[in-house]
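# Build me a model from this:
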Amino acid sequence: MALRVRIGAMLAAVLVLAGSAAVVTPARAAGGPPALYPPTGPGTSFLDHRALLGDVPEPAWYEANIPFVDLPDRSIQDTYYYRWRTFKEALKYTGGKDGWIVTEFLGPVGYSAPFGGINAAAGHHLYEGRWLRDRRYLDDYLDYWLTGSGAEAKPATEALNKNTTDWAHQYSFWLVDAAVARAEVTGDWRLLTERLPQLRRQYEGWKKSNYDPARGLYWQTPVWDAMEYTAGSYQTADPYHGGDGFRPTLNAYQYGDARALATILRRAGDVRSAQRYEREAAALRTNLTKLWDGDFYKHVQRDATTPIADRELMGYVPWYFHMAPAGNARAWSQLTDAQGFAAPFGPTTTERRSPWFMHQAQDGCCRWDGPSWPYATSQTLTALANQLLDYPSQSYVDRDDFTDLLRGYALTQRKNGAPYVAEAHHPDEDRWIYDGRGHSEDYNHSTFTDVVLSGLLGIRPSGGDRVRIAPLVPAGWDHFAVENLSYHGRNLSVLWDRDGTAYGKGPGLRVWLDGVPVLHRSTLDDVTLRLDSRPPAGQPALVDDAVNVTGTGYPVARASHTWHADSPADAIDGQNFHLDVPSTRWTSYGSPNATDWLEVDLGAPAVVSDIRVDFYDDGGGVRTPATFAVQHQLPDGDWVEVPGQRRDPATPGERAINRILVDPPVTTDRLRLVTPSPSGITAVQLWRRPDARLRVTLPDTVPVGADQEITVRSKVAAAATVADLRVSLQVPRGWSARAVTADRAGVLRAGATLTTTWQVRVPADARLTDRLPLRALARSGASPEVSAAVAPTVYRFDPADYPVTVWDDDFGTDRLAAYRVDRPVAEPTPALAVADGALTATATSRAFAVLAAPVRAAASGTAVIVTPRAFAGSVPEDSLFLGLSAGAGDNALAWYNNYHRSSGADVRRGGVDRPEATGGCCAAVTWSAGDRFAVLARWGHLSTWHEHDGAWTQIHDAPISAAVDDATLATWAPALGLRLDAGVLAVDRLTVASVPTR
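You can find the predicted model right below:
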């Protein structure tokens, strides 16, 4: 029976008693800069935190954010701290719109939502991250899926889930349940009650796309359950996607979400709506019996009524949400059965007795027919903890089974003796079988710290003013500790010391709140404490004006020298981790210079007051510099030291945040860090604190043309009354802006908006494909807070802007002899012919030719326009190339592949491929009869355009100046390439036009 203890407010107010030490991190003083980390508040200091953390970068972040544990099992303990490190690595700052997200892969993948979000494991992310003290990470992440880019529309395609139309429904996802589980730890329900419409929309979205009212169950395609090649999938004609079926997963997720919605609605006072979701949850629980075959929950094919024969680990998911009835506990016997899921590095994802067990599992990623997936293991451990702690006693599993499984899970997370987690592990051999270099490292697709805290140590959160402590540790454990766990605005510490020798605080179970001892028991009991919840210390919203996650547009990072495996752009990509693979850093390793610089070009001036730099230090060739300079560029081009710097620490800190506070703030568009060589930087951040009372907006984009004057309107809306409001529009160098309506207000009342009209002059030599930004700034009085909005400028290609015709071939006559044929790759030339007003390329096997026109590109800018007549229909090559060529080894060619419906660019210089100049791959585009393609060689870029129904849209951009300078390009010939595997590829017209030379 659980013991219940009431903790009085008076006792809890005491800060230091009986040998405990208060740990206090003060919040910032009013008007001063925000604290680097959240204030920890009073707590205990029994454990040596730095020794427990080991050699992690930025240890102060962990000190401020995570609960510290001490465990007699080193494998579990070491994995616990390792997994906090991987979670920190997965935190990505995306910009002012969406803020922070949690990523699954450290490197980008092509099927993710904007900025790299993938909702498949987002429920795991929310459960794992709920114990962090800094709430901004998951506040932003929830909004990303509910109201931000993660809630936006996605293509309903086979590759991205053809059944759903937004990113938050790409994969099965238990968002509402996870959001409530987080609120039960933080004690903060405000965000959820404010987001009720969006939370309900998330739940209802699955009903629209995947609910079968006749069965009263949800169906799912296994791959969109994040499970490819399952035992059930192999029993269909499509082993990869798997046949649609009724599965324990999505049905349990929806059950959990329905109950969670009811919880939030009752808090909001909407009892009627809460009862509706409670009824839906109850009905779903009843209908889940259709997936129960008498001893296990299984997949039922959508066109069948009985479950498949094979048990899969996902059958335990209903216990994750307390959905399974107590009478079904016999399913747990399979967890330890040698022919069930038991494995040295398990559990397996399909039972061993299945004929599909490990079927083709080692033929390539990613099979769910036996390999041990952390995603499923963590679900199973959470479900098992629920069975042991929240269900009646049974004879199938016990706490030793839980610990054995957890220990095995910890030991699975190793590689070469060091902590490591990848995608999936061999169940019987000590090796990861799905572990792609630069892809799978520190794979954030599961939970571990949450299983330790809520399962092993039994910290069971509650929506009320209480917490249950019900450890599942083995009976033989003599000690364990969890220290300064942030719970409902309090710091909770729990010690178990059987004889009092481990921690020196006496024998038994002891609990502290905010450093105050509140409970002592001689035995390791199941205890429920009542406590006075307190609002967590608030932290200000901040915006990093230097971040550029996508690597397109602005800001732009440049450097005086860069090691070939690094990139300046990685210093402002929103990620900050000290890994060699994958890496996200700039270094000047190998530089011949005594000093080198890394520059951040904002495109248009911003207010800079809080600069943060994290230096990369590999302990060998690249070390933390002894000193560094912070400079900004004046309008005349001179670089000078940023005035008013205050540095913390005073000398550069190794693998830690180096903060440079600038007072008074500097308004500038270009900053650079000058360091001795070789040096490295993993992150440069320019944090700004917006004024919460002011919301600034600009148009989403601003169309511009060279040598034009355009009109732009900024808006500043006041959430509260402000005085002395001033607005400015900052523009790129060489541009000008003037206000033609009021740009200030003595008083702006709450609810009012100040709209300012600006006339912006764009110079004739502006590099318009750079998407240079405009930035509106608003501030009130002497407040250091500055609100801002940024709008990229966009150039819309119009052939009329290129009035000089350099070459025009409508193929009415045969002029093939005038072209030079270049061969960038060693492939035969197709048969080329001109007839019936078209150029044709014919082949029976792979063939490629680039036709260089008998003219030169114009230094002022060249447009190459082509009208395709028909594509060959061959696979996989059925492509057009457009751009510039100077022979087999020198060309910059944009391409369109009609089979893949994609576009990109290839750049070669001196016979060497130059991937840094291609702009990456690939852009999706589909050609229709009558459409045209154009490539512009201008402003150091090769931009690709597609005309459909008379409107031109940019589809790709290649920064070719990274490989070829403008002067050299002007000597190259405009060119058209044709590449196919078989058939006939036909083109109606090729036109080359340029801008008049000034």
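# rest of the way, CA atoms for contacts and neighbours
OK.
# immediately after the lowest-mean-pLDDT helix or strand in the chain, which helix or strand?
Ranking every helix and strand in the chain by mean pLDDT, DSSP states H and E puts helix 9-12 at the bottom, with a mean of 32. Sequence order places helix 49-53 as the next helix or strand after helix 9-12, per DSSP states H and E.
# Name the residues that touch that following helix?
Helix 49-53 is contacted from outside by P59, E63, F68, D70, Y81, using C-alpha atoms under 8 Å, 6 or more residues apart in numbering.
# Among those residues, which one has the most neighbours?
Among those, Y81 has the most neighbours (other C-alpha atoms under 10 Å), with 23 neighbours.
# Need phi/psi at W61.
Reported as degrees, to the nearest 10, the phi and psi values for W61 are phi -60, psi -40.
# correction: G515
G515 adopts backbone torsions of phi 80, psi 0, taken as degrees, to the nearest 10.
# how many neighbours does the residue lying closest to it once chain neighbours are set aside have?
Leaving aside its chain neighbours, G515 sits nearest to G43 (4.0 Å; criterion: C-alpha to C-alpha, 6 or more residues apart in numbering). Taking other C-alpha under 10 Å as the criterion, the count of residues near G43 is 26.
# Give me the pLDDT for G43.
On the pLDDT scale, G43 is placed at 97.
# Please report how far it lies from H49.
13 Å (C-alpha to C-alpha, to the nearest Å).
# before we move on, what about R133?
Counting by C-alpha to C-alpha - R133 and H49 are separated by 16 Å.
# okay, the two: which has more neighbours?
R133 (27 against 17).
# Surely the more buried one is in contact with S486?
Yes - R133 is in contact with S486 according to C-alpha atoms under 8 Å; the separation is 5.9 Å.
# which neighbours do those two share?
Common neighbours of R133 and S486 (C-alpha under 8 Å, 6+ apart) are I66.
# Please tell me how far the closest residue to A929 other than its chain neighbours sits from G41.
Excluding the flanking residues, the one nearest A929 by C-alpha to C-alpha, 6+ apart is R869, at 6.9 Å. Distance, R869 to G41, by C-alpha to C-alpha: 70 Å.
# Those two: who's more crowded?
Using other C-alpha under 10 Å, the more surrounded residue of R869 and G41 is G41, with 22 against 19.
# That one is in contact with Y487, isn't it?
No - applying C-alpha under 8 Å, one finds G41 not in contact with Y487, separated by 11.8 Å.
# mind checking the SS state of H900?
Secondary structure, DSSP: H, G, I helix; E, B strand; the rest coil: H900 is coil.
# burial of it, as a residue count?
Per other C-alpha under 10 Å, the neighbour tally for H900 reads 15.
# ok now do it, which residues does it touch?
P876 are the contacts of H900 under C-alpha under 8 Å, 6+ apart.
# can you do 7 Å?
If a contact means C-alpha atoms under 7 Å, 6 or more residues apart in numbering, then H900 has no contacts.
# just checking, which of the contacts of helix 49-53 belong to strands?
Among the contacts of helix 49-53, DSSP state E puts F68, D70 in strands.
# from the contacts of helix 49-53, which two are the most distant?
With distances taken as C-alpha to C-alpha, the most widely separated pair in the contacts of helix 49-53 is P59 and D70, at 17.0 Å.
# Quick one: neighbours of the nearest residue to T449 once chain neighbours are set aside, just the number.
What sits nearest to T449 in space, not counting adjacent residues and going by C-alpha to C-alpha, 6+ apart, is Y80, at 5.5 Å. Other residues lying near Y80 total 24 when counted by other C-alpha under 10 Å.
# From V451, how far out is Y80?
To V451, Y80 is 10 Å away according to C-alpha to C-alpha.
# Repeat that for P474.
15 Å.
# again with S583
29 Å.
# who's more crowded, the two?
Ranked by neighbour count (other C-alpha under 10 Å), S583 and V451 place V451 first, with 23 against 19.
# Now do the SS call for that one.
V451 ends up helix, using three-state DSSP.
# dump the residue contacts of it.
Applying C-alpha under 7 Å, 6+ apart, we find V451 in contact with L381, T382.
# per-residue pLDDT, it?
What the model reports as pLDDT for V451 is 98.
# cool, M1 as well?
Confidence at M1, expressed as pLDDT, is 34.
# Equivalent analysis for L519, please.
97.
# and after the one helix or strand it maps to, which helix or strand comes next?
Assigned by DSSP H and E, L519 belongs to strand 516-521. Using DSSP H and E, the helix or strand that directly follows strand 516-521 along the chain is strand 527-530.
# Any chance you could give me that next one in CSV, C-alpha atoms only?
Written as CSV, here are the backbone C-alpha positions of strand 527-530 (Å, rounded to 0.1, in the frame of the first residue of the first chain):
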residue,chain,number,x,y,z
VAL,A,527,5.2,6.7,-1.4
THR,A,528,2.9,9.4,-2.6
LEU,A,529,3.8,12.9,-1.5
ARG,A,530,1.5,15.9,-1.6
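# so what does that strand touch, helix or strand wise?
On a contact count with 3 or more C-alpha pairs under 7 Å, 6 or more residues apart in numbering; DSSP states H and E, strand 527-530 meets strand 3-6, strand 466-469.
# What lies in contact with the last one?
The list of residues contacting strand 466-469 from outside it, by C-alpha under 7 Å, 6+ apart, reads G458, I459, R460, P461, D526, V527, T528, L529, R530, L531.
# and which of those is nearest K208?
P461 (32.4 Å).
# Surely that closest one is in contact with T186?
No - in this structure, P461 is not within contact of T186 by C-alpha atoms under 7 Å, at 9.1 Å.
# Contact partners for the residue located most distally from the centre of the chain?
Most distant from the centre of the chain: T813, at 54.0 Å, with distances by C-alpha atoms, centre = their mean. By C-alpha under 7 Å, 6+ apart, the contact set of T813 is empty.
# wait, is it part of a helix?
No - looking at T813 with three-state DSSP, it is coil, so not inside a helix.
# distance of it from V834?
Distance from T813 to V834, by C-alpha to C-alpha: 7 Å.
# How about N897?
Distance of N897 to V834, computed by C-alpha to C-alpha: 22 Å.
# Could you check which of the two is surrounded by more residues?
For N897 versus V834, neighbours defined as other C-alpha under 10 Å are more numerous around N897 (23 against 19).
# what lines up beside the host helix or strand of D614 in the sheet?
Taking DSSP H and E as the criterion, D614 maps to strand 595-615. Strands adjacent to strand 595-615 in the sheet, as given by DSSP bridges, are strand 556-559 (antiparallel), strand 657-676 (antiparallel), strand 680-688 (antiparallel).
# can you list the weak-confidence ranges in the stretch 51-200 of the chain?
Within the stretch 51-200 of the chain, no range satisfies pLDDT under 70.
# mind listing the helices for it?
Using DSSP state H, counting those that start in this stretch, the helices of the stretch 51-200 of the chain run over 59-65, 74-89, 122-129, 136-146, 175-186, 190-194, 196-210.
# Compute the inter-axis angle for the third one and helix 175-186.
It stands for helix 122-129. If you take axes from the mean of the first three to the mean of the last three C-alpha atoms, to 10 degrees, helix 122-129 sits at 0 degrees to helix 175-186.
# and if you look at the fourth one?
Regarding helix 136-146 and helix 175-186, their directions subtend 160 degrees when assessed with the same axes, to 10 degrees.
# going forward can the numbers begin at 198, since that is how I track them
Will do, 198 is the new start, and the previous item becomes helix 333-343.
# quick one, helix 333-343 and helix 393-407 angle?
If you take the same axes, to 10 degrees, helix 333-343 sits at 50 degrees to helix 393-407.
# for helix 333-343, packing partners?
strand 297-299.
# Following element in sequence after the longest helix anywhere in the chain, please.
If you go by DSSP state H, the chain has its longest helix at helix 445-464. Going down the chain from helix 445-464, the next helix or strand is helix 468-484, by DSSP H and E.
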